[in-house]
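Trainee: Predicted model follows, preceded by the sequence.
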Amino acid sequence: MIEQAARVVEVEQGYAWVETERKTGCGACAQQKGCSASLFDKLLAVRRARVRALNILSAGVGDDVVIGVAEQAVLRGSFAVYAVPLLAMLVFALCAEWLAGRFTPGSELYTIAAAVMGFMAGQFWLRRHNARIADDPRYQPVVLRHLST
């Protein structure tokens, strides 16, 4: 389970809207040196993320809580977002290259068009997939516990 501290800002039936503070992957940004991630944080000025989490503990507005999401959900979500559109683009492009090579040699335009169509098909699939899993509890962040103060 991947965990993150958060504060409840709104409650609705069965869910809590929480704000989490963005954290970078390394600890160098807290020292304002190292990679340029801290520079981008300053430029974008986005320090908090608002997330809907299953509220199994009935946390109230203003409560400091710990939310968590299953590692499998993160891995599957990453695969869906990154790999599926890319794989669809490659498959469409390879099929077009094979077909164009047999019938009209030397035409890359078909391959490029097919790659774009494959990427769009992957994005279409991703939207439908996200709509299907939007309320699936296996993919939802969950309020795990109250944060002791």
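Mentor: On my side now, so go ahead. Remember, it's a predicted structure, so these values are computed and weren't measured experimentally.
Trainee: next SSE after the helix-or-strand element of the chain with minimal mean pLDDT?
Mentor: Sorting the helices and strands of the chain by mean pLDDT, DSSP states H and E puts helix 37-44 at the bottom, at a mean of 60. For helix 37-44, the following helix or strand on the C-terminal side (DSSP states H and E) is strand 48-54.
Trainee: For the chain, which residues score under the pLDDT cut-off?
Mentor: Scanning the chain for pLDDT under 70 picks out 22-47, 105-106, 149.
Trainee: at 90 what do you get?
Mentor: 1-4, 10, 13-14, 20-53, 55-60, 62-63, 97-110, 134-140, 146-149 (pLDDT under 90).
Trainee: So for stretch 6-14, what gets flagged as buried?
Mentor: Ala6, Arg7, Val8, Val11 (16 or more other C-beta atoms under 10 Å). C-betas here are computed from N, CA, C, even on glycine.
Trainee: quick one: contacts of that stretch?
Mentor: Stretch 6-14 has contacts (C-beta atoms under 8 Å, 6 or more residues apart in numbering) with 16-20, 50-51, 53-55, 59-67, 143.
Trainee: Please pick the buried ones from those.
Mentor: Buried by 16+ other C-beta under 10 Å: 16-18, 20, 51, 53, 55, 59, 63, 65-67, 143, out of the contacts of stretch 6-14.
Trainee: got those as a markdown table, with secondary structure and distance to Arg102 columns?
Mentor: Formatted as a markdown table, the buried ones among the contacts of stretch 6-14 follow (DSSP: H, G, I helix; E, B strand; the rest coil; distance: C-beta to C-beta, whole Å):
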| residue | secondary structure | distance to Arg102 |
| --- | --- | --- |
| Ala16 | strand | 57 |
| Trp17 | strand | 55 |
| Val18 | strand | 56 |
| Thr20 | strand | 53 |
| Val51 | strand | 50 |
| Ala53 | strand | 53 |
| Asn55 | coil | 58 |
| Ala59 | coil | 62 |
| Asp63 | coil | 64 |
| Val65 | strand | 60 |
| Val66 | strand | 58 |
| Ile67 | strand | 54 |
| Val143 | strand | 57 |
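Trainee: Parallel or antiparallel, which strands does the strand ranked longest in the chain pair with?
Mentor: Longest strand in the chain, counting residues (DSSP state E): strand 2-12. Sheet pairing of strand 2-12 (DSSP bridges) gives strand 15-21 (antiparallel), strand 64-69 (antiparallel).
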